[in-house]
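# okay, predicted coordinates and the sequence, questions at the end:
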Amino acid sequence: MNKDFLRKLPIFEGLSEDDLEWLFQQAVPVSIKTGATLMEEGAPGDSAYIVVDGEFEIVKKSDQQDIVIAVRERGAVIGEMALIDNAPRMATVRAVSDGDLLKISDEVFFQLLANSTTAVLAVLRTVSVRLRQNEAMLRQSEKMAALGTLAAGLAHELNNPAAAARRGAEQLRATLISWQQLNSELDKLDLEAPQREKLISLRSGLADGHHTGQILDPLALGDLENEIQIWLEDSGVRDAWELAPTLAAAGWDSDRLGVLCAAYSRRELEVVVRWLAAGFTVYSLVTDVHMSAERISEIVKSVKVYSYLDQAPVQEVDIHDGLDNTLVILRHKTKEGIKIIRQYASDLPHIQGYGSELNQVWTNILDNAIDALDGKGRITLRTYAKDGNVFVEIQDDGPGIPPEIQQRIFEPFYTTKAPGVGTGLGLHISYTIIHKHHGQLTVTSRPGETCFHVKLPAQLAPEKG
């Protein structure tokens, strides 16, 4: 390769012959094999490269997934953005095929820019185009990551009530069979009219409300179960140890069982007691299944409101609903050791806005707060209205954001997380969404207190067309 190759590249076309010759002499030839890594995301940026031959893919890690955001071929310059920004590499570069490159050190690169305004303008154009391309790709990735967060939270939240409903239904099937058999045994007993009326009364009590006793602490409940077991054994009822916990949970005690003993013979009593225990279990399981179904319905409703399905882009938005539904989505991350404190203004007005996008803001900020707490701490959600604006504050008592970082956290691609853990777009997207609402997003932070402040106008001004 000769320097005529460099002359044809836009970034070098304005160089004088002497400068071009100097650059050609300073560049170091590099060869690389297919599949090899030229530069690693997060590594220090100390040089740029000119592709002489071959193909190279630019890969960005997002939530442990590799995303190819571009492919560079002959004549492309790669690695210059880390030099300009004096920052670690923002992406990994891998060889798709065997390739040859020219390596330009940071010292040579900056001297080139100092000597050529044409090179400066060419680099600026290249950087601008690449930033737009990268941001577009990663915005889509961020949306998919948000969808993954939503799906993970939804799956986790639905799993418990769904599993409970399934277990309850399986147990209910078996218990109903047993209860039907006991009903048949009751029908075979030669009961007198007062005894049958007593059964009708007991059956009504089971249907109207299966739990008629007081809520007892575990120790008191254990004592009651022991008392009932002893009474049942003294009355000749088999499997007293198995029946006692069910009857105790239903609110029965030895005094109430004594009333039954007076109404029925020893043989009749055993059938009635078993029938009672089975009936209580049936209605208890029906209640459990009903509660599980209600919980599933509540979660689905929260997700629907969170995503604002089947609604126009601009709606009347209830900020409190948005925050609460976001917490439902993230609840699987906050259950252990993280306390959520709500300080909501009772008179907070609804605002006009893009509901699903605002929920993306709450998700990004709350997700960062949860990560910062590392499983232990408090998150406070505070809302209030003032001068035609609605204010939302999300505060955590984590370690805080270092002062030198605070001014950069809203920049695109800037992240303090390890490579592959975050794209560096979450807060930038949040900032953009709030700006779209003609609002403000700021942060204040010190050790033990980080607070994101959101200011939103109650009325969304029409966009200028």
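All right, it came through fine.
# hey, let's count contacts and neighbours off CA atoms from now on
Will do.
# what's near enough to touch the residue nearest to I351 when sequence neighbours are not counted?
Take I351 and drop its neighbours on the chain: the residue closest to it by CA to CA, 6 or more residues apart in numbering is A458, 4.4 Å away. A458 makes contacts with P349, H350, I351, Q352, G388, N389, V390, as judged by CA atoms under 8 Å, 6 or more residues apart in numbering.
# for A458, phi and psi?
phi -70, psi -30 (degrees, to the nearest 10).
# per-residue pLDDT, it?
As predicted, A458 sits at a pLDDT of 88.
# ditto for S47
With respect to pLDDT, S47 has a value of 89.
# ok, how many other residues are close to it?
S47: 19 surrounding residues under other CA atoms under 10 Å.
# start the count at 277 instead of 1 going forward.
Taking 277 as the first residue, the last one we looked at is S323.
# my guess is it contacts S381, does it?
Yes - using CA atoms under 8 Å, S323 is in contact with S381, at 4.3 Å.
# any idea which helix or strand in the protein has the lowest mean pLDDT?
Least confident helix or strand of the chain, by mean pLDDT, DSSP states H and E, is helix 393-464 with a mean of 71.
# show me what secondary structure element comes after that one.
Per DSSP states H and E, the first helix or strand lying C-terminal to helix 393-464 is helix 469-484.
# which elements pack onto that following helix?
Counting contacts by 3 or more CA pairs under 8 Å, 6 or more residues apart in numbering; DSSP states H and E, helix 469-484 is packed against helix 542-583.
# next, the angle from the helix it packs on to helix 469-484.
Using axes from the mean of the first three to the mean of the last three CA atoms, to 10 degrees, the inter-axis angle of helix 542-583 relative to helix 469-484 is 20 degrees.
# give the other helices and strands that helix 542-583 contacts.
Packing contacts for helix 542-583, counted by 3+ CA pairs under 8 Å, 6+ apart, involve helix 393-464, helix 469-484, helix 516-525, helix 595-610, helix 631-649.
# circling back: just the buried members of the contacts of A734?
Among these, those buried by neighbour count (16 or more other CA atoms under 10 Å) are P625, I627, Q628, N665, V666.
# just those residues now: which is nearest P521?
Closest approach between the buried ones among the contacts of A734 and P521, by CA to CA: P625, at 50.7 Å.
# so what does that closest one look like in phi/psi?
According to degrees, to the nearest 10, the main-chain angles of P625 amount to phi -80, psi 160.
# I'd say it and Y660 touch.
No - counting by CA under 8 Å, P625 sits too far from Y660 to count as a contact (9.0 Å).
# what residues are shared contacts of these two?
Common neighbours of P625 and Y660 (criterion: CA under 8 Å, 6+ apart): V666.
# does I617 belong to a helix, a strand or coil?
Following DSSP: H, G, I helix; E, B strand; the rest coil, the label given to I617 is strand.
# what is the neighbour count of it?
I617: 12 neighbours (other CA under 10 Å).
# report the beta-bridge partners for it.
Under DSSP bridges, the beta-bridge partners of I617 are T656.
# for it, give me its contacts.
Counting by CA under 8 Å, 6+ apart, the residues that I617 touches are R654, I655, T656, L657.
# turn these into TSV, including pLDDT, neighbour count and distance to D463.
Output for the contacts of I617, formatted as TSV (pLDDT from 0 to 100; neighbours: other CA atoms under 10 Å; distance: CA to CA, whole Å):
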residue	pLDDT	neighbour count	distance to D463
R654	93	20	60
I655	95	24	60
T656	96	16	61
L657	96	20	60
